[in-house]
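> Quick one: sequence and predicted model below, then my questions.
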Amino acid sequence: MRLARIPLYLLALTVLFPYYWMVSSAFKPLGEITKAPPTLIVQNPTTANFYNPKYDPAASDAIQGLFQRFSGAGFASFFVNSLTITIFVTVVSLILASAAGYVIAKHKFPGSRIVFFLIIGSMMIPWQVTLIPNFLTMRDLGWINTFWALLIPGLAKAFAVFFLIQSIRGVPQELFDAARIDGAGEIRVWWQIVLPLVRPALAAMAIFVSLGEWNSFLWPLLVVNDDAHATLPLALGRLAGSITSDPRAAGPIMAATLLASIPTLIFFLMFQRQFVSGITVGSVKG
(Lines give C-alpha, C1' and ligand atoms only; values in the text may rest on other atoms or scores of the structure.)
Protein backbone atom coordinates (compact mmCIF):
# COMPACT_ATOMS: atom_id res chain seq x y z
CA MET A 1 0.00 0.00 0.00
CA ARG A 2 2.83 2.37 0.78
CA LEU A 3 4.37 1.80 -2.63
CA ALA A 4 1.03 2.65 -4.20
CA ARG A 5 1.23 6.08 -2.56
CA ILE A 6 4.52 6.99 -4.24
CA PRO A 7 2.84 8.55 -7.33
CA LEU A 8 0.69 10.63 -4.97
CA TYR A 9 3.77 11.85 -3.09
CA LEU A 10 5.51 12.69 -6.36
CA LEU A 11 2.46 14.61 -7.55
CA ALA A 12 2.28 16.53 -4.26
CA LEU A 13 5.98 17.36 -4.53
CA THR A 14 5.49 18.61 -8.09
CA VAL A 15 2.63 20.84 -6.99
CA LEU A 16 4.30 22.19 -3.84
CA PHE A 17 7.79 22.78 -5.21
CA PRO A 18 6.92 25.95 -7.23
CA TYR A 19 5.30 27.40 -4.10
CA TYR A 20 8.38 26.57 -2.04
CA TRP A 21 10.54 28.20 -4.70
CA MET A 22 8.41 31.34 -4.58
CA VAL A 23 8.55 31.53 -0.76
CA SER A 24 12.31 31.00 -0.61
CA SER A 25 12.99 33.46 -3.46
CA ALA A 26 10.97 36.15 -1.65
CA PHE A 27 13.66 36.14 1.04
CA LYS A 28 16.72 35.76 -1.21
CA PRO A 29 18.97 38.66 -2.25
CA LEU A 30 19.12 39.35 -5.97
CA GLY A 31 22.49 37.67 -6.40
CA GLU A 32 21.16 34.47 -4.92
CA ILE A 33 18.00 34.53 -7.05
CA THR A 34 20.00 34.81 -10.27
CA LYS A 35 22.73 32.43 -9.18
CA ALA A 36 23.47 29.45 -11.44
CA PRO A 37 22.97 26.74 -10.47
CA PRO A 38 20.14 27.96 -8.23
CA THR A 39 20.16 27.34 -4.49
CA LEU A 40 17.27 25.43 -2.94
CA ILE A 41 17.90 26.73 0.58
CA VAL A 42 18.18 30.44 1.37
CA GLN A 43 21.78 31.17 2.27
CA ASN A 44 21.51 34.87 3.14
CA PRO A 45 17.91 35.65 4.17
CA THR A 46 16.74 39.22 3.64
CA THR A 47 13.51 41.21 3.81
CA ALA A 48 14.75 43.84 1.35
CA ASN A 49 12.44 42.43 -1.33
CA PHE A 50 9.53 43.67 0.79
CA TYR A 51 11.08 46.89 2.09
CA ASN A 52 14.67 47.98 1.65
CA PRO A 53 15.68 50.52 4.33
CA LYS A 54 18.98 51.11 2.50
CA TYR A 55 17.27 52.06 -0.77
CA ASP A 56 18.76 55.18 -2.34
CA PRO A 57 17.12 56.44 -5.57
CA ALA A 58 20.40 58.13 -6.54
CA ALA A 59 22.33 54.84 -6.50
CA SER A 60 22.43 53.01 -9.82
CA ASP A 61 22.43 49.59 -8.19
CA ALA A 62 19.72 50.38 -5.63
CA ILE A 63 17.17 47.60 -5.12
CA GLN A 64 13.71 48.99 -4.51
CA GLY A 65 11.51 46.97 -2.16
CA LEU A 66 7.94 45.97 -2.99
CA PHE A 67 6.34 48.57 -0.72
CA GLN A 68 8.56 51.27 -2.22
CA ARG A 69 7.67 50.65 -5.88
CA PHE A 70 4.24 52.27 -6.11
CA SER A 71 3.18 55.85 -5.45
CA GLY A 72 0.46 56.86 -3.02
CA ALA A 73 -0.71 54.11 -0.69
CA GLY A 74 1.35 51.73 -2.79
CA PHE A 75 1.04 47.98 -2.84
CA ALA A 76 -1.22 47.97 0.23
CA SER A 77 -3.94 49.83 -1.69
CA PHE A 78 -4.02 47.10 -4.38
CA PHE A 79 -4.29 44.49 -1.64
CA VAL A 80 -7.19 46.30 0.06
CA ASN A 81 -8.99 46.81 -3.27
CA SER A 82 -8.79 43.12 -4.14
CA LEU A 83 -9.85 42.06 -0.65
CA THR A 84 -12.84 44.41 -0.63
CA ILE A 85 -14.00 43.38 -4.11
CA THR A 86 -13.56 39.68 -3.38
CA ILE A 87 -15.52 39.79 -0.11
CA PHE A 88 -18.35 41.89 -1.57
CA VAL A 89 -18.78 39.83 -4.74
CA THR A 90 -18.54 36.52 -2.89
CA VAL A 91 -21.10 37.39 -0.22
CA VAL A 92 -23.63 39.18 -2.44
CA SER A 93 -23.39 36.75 -5.37
CA LEU A 94 -23.98 33.75 -3.08
CA ILE A 95 -26.95 35.47 -1.43
CA LEU A 96 -28.47 36.13 -4.86
CA ALA A 97 -27.59 32.63 -6.13
CA SER A 98 -29.12 30.91 -3.09
CA ALA A 99 -32.32 32.94 -3.39
CA ALA A 100 -32.59 32.18 -7.10
CA GLY A 101 -31.75 28.52 -6.50
CA TYR A 102 -34.46 28.26 -3.84
CA VAL A 103 -37.11 29.73 -6.13
CA ILE A 104 -36.21 27.46 -9.03
CA ALA A 105 -35.73 24.30 -6.94
CA LYS A 106 -38.82 24.53 -4.73
CA HIS A 107 -41.33 26.63 -6.66
CA LYS A 108 -43.12 25.57 -9.79
CA PHE A 109 -44.08 28.54 -11.94
CA PRO A 110 -44.71 28.98 -15.68
CA GLY A 111 -41.39 28.86 -17.48
CA SER A 112 -39.40 27.55 -14.50
CA ARG A 113 -37.83 24.77 -16.59
CA ILE A 114 -37.01 27.25 -19.33
CA VAL A 115 -35.26 29.49 -16.80
CA PHE A 116 -33.35 26.49 -15.48
CA PHE A 117 -32.16 25.47 -18.93
CA LEU A 118 -31.25 29.06 -19.78
CA ILE A 119 -29.01 29.13 -16.72
CA ILE A 120 -27.36 25.89 -17.85
CA GLY A 121 -27.05 27.24 -21.40
CA SER A 122 -25.36 30.42 -20.19
CA MET A 123 -22.65 28.25 -18.67
CA MET A 124 -21.81 26.96 -22.14
CA ILE A 125 -20.94 30.46 -23.41
CA PRO A 126 -17.24 31.35 -23.01
CA TRP A 127 -16.97 34.31 -20.67
CA GLN A 128 -14.58 36.01 -23.11
CA VAL A 129 -17.53 36.44 -25.50
CA THR A 130 -19.21 38.75 -23.00
CA LEU A 131 -16.22 41.04 -22.50
CA ILE A 132 -17.08 43.55 -25.24
CA PRO A 133 -20.83 43.82 -24.44
CA ASN A 134 -20.08 44.20 -20.74
CA PHE A 135 -17.39 46.80 -21.42
CA LEU A 136 -19.74 48.83 -23.61
CA THR A 137 -22.39 48.63 -20.88
CA MET A 138 -19.93 49.89 -18.27
CA ARG A 139 -18.89 52.71 -20.60
CA ASP A 140 -22.49 53.78 -21.25
CA LEU A 141 -23.20 53.76 -17.51
CA GLY A 142 -20.10 55.86 -16.85
CA TRP A 143 -18.59 53.20 -14.62
CA ILE A 144 -15.14 52.98 -16.25
CA ASN A 145 -12.46 53.59 -13.62
CA THR A 146 -14.94 53.03 -10.79
CA PHE A 147 -15.45 50.20 -8.33
CA TRP A 148 -18.94 49.62 -9.75
CA ALA A 149 -17.41 48.10 -12.87
CA LEU A 150 -15.50 45.66 -10.69
CA LEU A 151 -18.41 44.80 -8.39
CA ILE A 152 -21.71 44.64 -10.27
CA PRO A 153 -20.83 42.42 -13.32
CA GLY A 154 -19.45 39.73 -11.03
CA LEU A 155 -22.66 39.24 -9.06
CA ALA A 156 -24.34 36.96 -11.63
CA LYS A 157 -22.89 33.47 -11.13
CA ALA A 158 -24.75 30.90 -13.24
CA PHE A 159 -22.68 27.98 -11.97
CA ALA A 160 -23.37 28.96 -8.35
CA VAL A 161 -27.12 29.03 -9.04
CA PHE A 162 -26.97 25.65 -10.78
CA PHE A 163 -24.88 24.08 -8.00
CA LEU A 164 -27.13 25.40 -5.23
CA ILE A 165 -30.26 24.24 -7.05
CA GLN A 166 -28.98 20.67 -6.80
CA SER A 167 -28.32 21.06 -3.08
CA ILE A 168 -31.66 22.73 -2.30
CA ARG A 169 -33.56 20.03 -4.18
CA GLY A 170 -32.20 17.55 -1.66
CA VAL A 171 -33.83 19.37 1.27
CA PRO A 172 -37.03 17.51 2.30
CA GLN A 173 -40.17 19.31 1.20
CA GLU A 174 -41.78 18.56 4.58
CA LEU A 175 -39.52 21.14 6.22
CA PHE A 176 -40.84 23.88 3.95
CA ASP A 177 -44.44 22.78 4.40
CA ALA A 178 -44.09 22.75 8.20
CA ALA A 179 -42.53 26.21 8.18
CA ARG A 180 -45.35 27.62 6.05
CA ILE A 181 -47.95 26.04 8.33
CA ASP A 182 -46.30 27.83 11.25
CA GLY A 183 -46.75 31.09 9.37
CA ALA A 184 -43.25 31.61 7.99
CA GLY A 185 -43.00 33.69 4.84
CA GLU A 186 -40.80 32.83 1.88
CA ILE A 187 -37.97 35.12 2.97
CA ARG A 188 -37.96 33.58 6.44
CA VAL A 189 -38.03 30.05 4.98
CA TRP A 190 -35.08 30.90 2.74
CA TRP A 191 -33.11 32.55 5.55
CA GLN A 192 -33.79 30.12 8.41
CA ILE A 193 -34.15 26.81 6.57
CA VAL A 194 -32.49 26.93 3.17
CA LEU A 195 -29.27 28.77 4.04
CA PRO A 196 -28.36 26.72 7.15
CA LEU A 197 -29.05 23.40 5.41
CA VAL A 198 -26.98 24.20 2.30
CA ARG A 199 -24.09 25.72 4.26
CA PRO A 200 -21.55 23.14 2.97
CA ALA A 201 -22.53 23.90 -0.61
CA LEU A 202 -22.28 27.63 0.08
CA ALA A 203 -18.80 27.15 1.55
CA ALA A 204 -17.72 25.19 -1.53
CA MET A 205 -19.06 27.89 -3.83
CA ALA A 206 -17.48 30.60 -1.69
CA ILE A 207 -14.06 29.09 -2.35
CA PHE A 208 -14.64 28.94 -6.11
CA VAL A 209 -16.09 32.45 -6.33
CA SER A 210 -13.51 34.08 -4.06
CA LEU A 211 -10.59 32.49 -5.91
CA GLY A 212 -12.02 33.61 -9.22
CA GLU A 213 -12.46 37.19 -8.06
CA TRP A 214 -9.13 37.34 -6.25
CA ASN A 215 -7.26 36.17 -9.35
CA SER A 216 -9.32 38.13 -11.89
CA PHE A 217 -6.99 39.98 -14.25
CA LEU A 218 -8.45 40.56 -17.70
CA TRP A 219 -11.69 42.31 -16.68
CA PRO A 220 -10.00 44.77 -14.26
CA LEU A 221 -7.38 45.40 -16.93
CA LEU A 222 -10.14 46.53 -19.32
CA VAL A 223 -12.17 48.74 -16.99
CA VAL A 224 -9.49 50.21 -14.69
CA ASN A 225 -6.76 52.60 -15.80
CA ASP A 226 -5.65 54.23 -12.56
CA ASP A 227 -3.94 53.06 -9.37
CA ALA A 228 -6.80 54.13 -7.12
CA HIS A 229 -9.05 51.32 -8.39
CA ALA A 230 -6.40 48.81 -9.48
CA THR A 231 -6.40 45.31 -8.02
CA LEU A 232 -3.65 42.98 -6.90
CA PRO A 233 -3.40 40.99 -10.18
CA LEU A 234 -2.87 44.26 -12.06
CA ALA A 235 -0.03 45.17 -9.70
CA LEU A 236 1.53 41.74 -10.22
CA GLY A 237 1.20 42.17 -13.97
CA ARG A 238 2.98 45.51 -13.85
CA LEU A 239 5.78 44.04 -11.79
CA ALA A 240 6.15 41.10 -14.14
CA GLY A 241 6.25 43.45 -17.11
CA SER A 242 8.97 45.55 -15.52
CA ILE A 243 11.41 42.68 -15.12
CA THR A 244 12.56 42.96 -18.74
CA SER A 245 13.80 46.50 -18.15
CA ASP A 246 14.70 46.02 -14.49
CA PRO A 247 16.00 42.53 -13.57
CA ARG A 248 16.18 43.72 -9.97
CA ALA A 249 12.39 43.37 -9.80
CA ALA A 250 12.69 39.56 -9.52
CA GLY A 251 12.79 39.65 -5.71
CA PRO A 252 9.86 42.07 -5.25
CA ILE A 253 7.83 39.99 -7.73
CA MET A 254 8.31 36.90 -5.57
CA ALA A 255 7.47 38.92 -2.46
CA ALA A 256 4.28 40.26 -4.05
CA THR A 257 3.24 36.80 -5.24
CA LEU A 258 3.78 35.39 -1.76
CA LEU A 259 1.61 38.06 -0.16
CA ALA A 260 -1.06 37.57 -2.82
CA SER A 261 -1.24 33.83 -2.13
CA ILE A 262 -1.64 34.07 1.65
CA PRO A 263 -5.36 35.10 1.83
CA THR A 264 -6.46 32.33 -0.55
CA LEU A 265 -4.42 29.77 1.36
CA ILE A 266 -5.90 30.85 4.70
CA PHE A 267 -9.43 30.87 3.26
CA PHE A 268 -9.08 27.36 1.88
CA LEU A 269 -7.62 25.97 5.13
CA MET A 270 -10.50 27.50 7.09
CA PHE A 271 -13.21 26.01 4.86
CA GLN A 272 -11.62 22.85 3.47
CA ARG A 273 -13.97 20.52 5.37
CA GLN A 274 -17.04 22.41 4.19
CA PHE A 275 -15.56 22.45 0.70
CA VAL A 276 -15.21 18.66 0.55
CA SER A 277 -18.63 18.17 2.16
CA GLY A 278 -20.26 20.63 -0.23
CA ILE A 279 -18.78 18.97 -3.30
CA THR A 280 -20.01 15.58 -2.10
CA VAL A 281 -23.52 16.83 -1.34
CA GLY A 282 -23.77 18.61 -4.68
CA SER A 283 -22.66 15.52 -6.56
CA VAL A 284 -25.30 13.16 -5.22
CA LYS A 285 -28.36 15.37 -5.15
CA GLY A 286 -30.49 15.12 -8.26
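Structure's in. What do you need? Not measured: the values here are computed from a predicted model.
> Can you name the residues in contact with stretch 20-34?
Under the contact criterion CB atoms under 8 Å, 6 or more residues apart in numbering, stretch 20-34 has outside partners 39-50, 63, 247-248, 250-251, 254-255, 257-258, 261. For every residue, glycine as well, the C-beta is placed using N, CA and C.
> Sort out which residues of it are buried, please.
24-30, 32-33 (16 or more other CB atoms under 10 Å).
> who's sitting farthest from the centroid in this protein?
Distance from the C-alpha centroid of the chain peaks at residue 181, with 40.9 Å (CA atoms, centre = their mean).
> What strand or helix carries the residue most central in space within the chain?
Residue closest to the mean C-alpha point of the chain, counted by CA atoms, centre = their mean, is residue 211 at 2.1 Å. Secondary structure from DSSP states H and E places residue 211 in helix 199-214.
> List the buried residues in the next helix or strand after that helix.
Sequence-wise, the next helix or strand downstream of helix 199-214 (DSSP H and E) is helix 218-223. The neighbour-count criterion (16+ other CB under 10 Å) identifies 219-220, 223 as the buried residues of helix 218-223.
> who touches stretch 105-124?
Residues outside stretch 105-124 that contact it (CB under 8 Å, 6+ apart): 104, 158-159, 161-162, 164-165, 168-169, 171, 173, 176.
> how about the helices of the stretch 1-150 of the chain, start to end?
6-26, 30-33, 75-106, 112-122, 131-141, 148-151 (DSSP state H, counting those that start in this stretch).
> For those helices, which has the smallest mean pLDDT value?
Mean pLDDT per stretch puts helix 30-33 lowest among the helices of the stretch 1-150 of the chain, at a mean of 86.
> Could you give the separation of that helix from the chain centroid?
Its chain's C-alpha centre and that of helix 30-33 lie 31 Å apart, by CA atoms, centre = their mean, to the nearest Å.
> For ChimeraX, write the selection for the buried entries among the contacts of stretch 20-34.
ChimeraX command restricting the contacts of stretch 20-34 to the buried ones, with burial defined by 16+ other CB under 10 Å:
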select :46,48,49,50,63,248,250,251,254,255,257,258
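> out of the contacts of stretch 20-34, which are inside strands?
Among the contacts of stretch 20-34, no residue falls in strands (DSSP state E).
> From start to finish, how long is stretch 103-122 in a straight line?
18 Å (CA to CA, to the nearest Å).
> I'd like the numbering to begin with 35 instead of 1 from here.
Yes, from this point I'll number from 35; that puts the last item at stretch 137-156.
> quick one on the thing from earlier: is it possible to export the buried residues of helix 252-257 to TSV including pLDDT and distance to residue 240?
Formatted as TSV, these follow (pLDDT from 0 to 100; distance: CB to CB, whole Å):
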residue	pLDDT	distance to residue 240
253	94	20
254	94	21
257	94	24
